[in-house]
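Colleague: give the three-dimensional model of this entry:
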Amino acid sequence: AQARFNKHRRWHLTFLQLKQFRQKEGHTNPPGDTLLAAWASQQRGMKEKGLLSADKEKLLNEEGFVWQVESDRLAEEQWDAYLEKLRCYRAQHGNCNVPSVWEEDPLLGQWVKYQRLCRSELFDAVLHQDRVSALDEIGFVWQCHEPGIDKRSWD
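Modeller: Numbering: from 1, shown residues only. Sure, this is the predicted structure:
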């Protein structure tokens, strides 16, 4: 019961952030790789799959939420490209533990760190389940406290 309450509370806190964004920017389409943009994309995906409650959809509609955006398609293509880079990294290094500061591809390290953040308790369910599954399939390590993993490489 407590976990459901926390999830519900997080949704409403993020919704308030979206309202503030709309008041400041005049629209409800947050840019790029922000957590708010990921959350907005998740709401679109949940609606598309019929998983978004009518109450939440109504609240989003009242704020003028944009349900179809070109950036979602571009973000999907970019995510897929980073997943492919991570597959190549795994093939070369035997794991998916890209340091967040990696000279060969600094953005890949940041992307890996962002995937973990999206799945953390603070931002539960921001990462779509199909993406979680794709990362799980290649042996992605979600927690930096795994035995044998040097946490310092992720900071």
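
Colleague: residue ranges with poor pLDDT in the chain?
Modeller: Residues of the chain meeting the criterion pLDDT under 70: 2-4, 33, 70-74, 121-126, 144-155.

Colleague: mind listing the strands for this protein?
Modeller: Taking DSSP state E, the chain contains no strands at all.

Colleague: now the helices: where do they sit in it?
Modeller: 2-25, 35-48, 54-62, 70-93, 106-119, 129-137 (DSSP state H).

Colleague: among those, which is nearest P99?
Modeller: helix 106-119 (5.3 Å; C-beta to C-beta). Heads up, the C-betas are built off the backbone N, CA and C, glycines and all.

Colleague: what angle sits between that closest one and helix 70-93?
Modeller: 110 degrees (axes from the mean of the first three to the mean of the last three C-alpha atoms, to 10 degrees).

Colleague: residues making contact with helix 106-119?
Modeller: 33, 35, 38, 82, 85-86, 89, 96-102, 123, 126-127, 131-132, 135, 140, 142-144, 154 (C-beta atoms under 8 Å, 6 or more residues apart in numbering).

Colleague: got a quick ChimeraX command for the buried subset of those?
Modeller: Applying 16 or more other C-beta atoms under 10 Å to the contacts of helix 106-119, the buried members can be selected in ChimeraX as follows:
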select :35,38,82,85,86,89,96,97,98,99,100,123,126,127,131,132,135,140,154
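
Colleague: against E84, how distant is H128?
Modeller: 17 Å (C-beta to C-beta, to the nearest Å).

Colleague: more neighbours: which of those two?
Modeller: Applying other C-beta atoms under 10 Å to H128 and E84 shows that H128 carries more neighbours, namely 18 against 10.

Colleague: surely the more buried one and W39 touch.
Modeller: No: counting by C-beta atoms under 8 Å, H128 does not reach W39; the two are 11.4 Å apart.

Colleague: let me know whether L52 touches A40 as I believe.
Modeller: No: L52 is not in contact with A40 according to C-beta under 8 Å; the separation is 11.9 Å.

Colleague: so between the two, which is more surrounded?
Modeller: A40 (24 against 16).

Colleague: ok, the more buried one touching H27?
Modeller: No: in this structure, A40 is not within contact of H27 by C-beta under 8 Å, at 10.7 Å.
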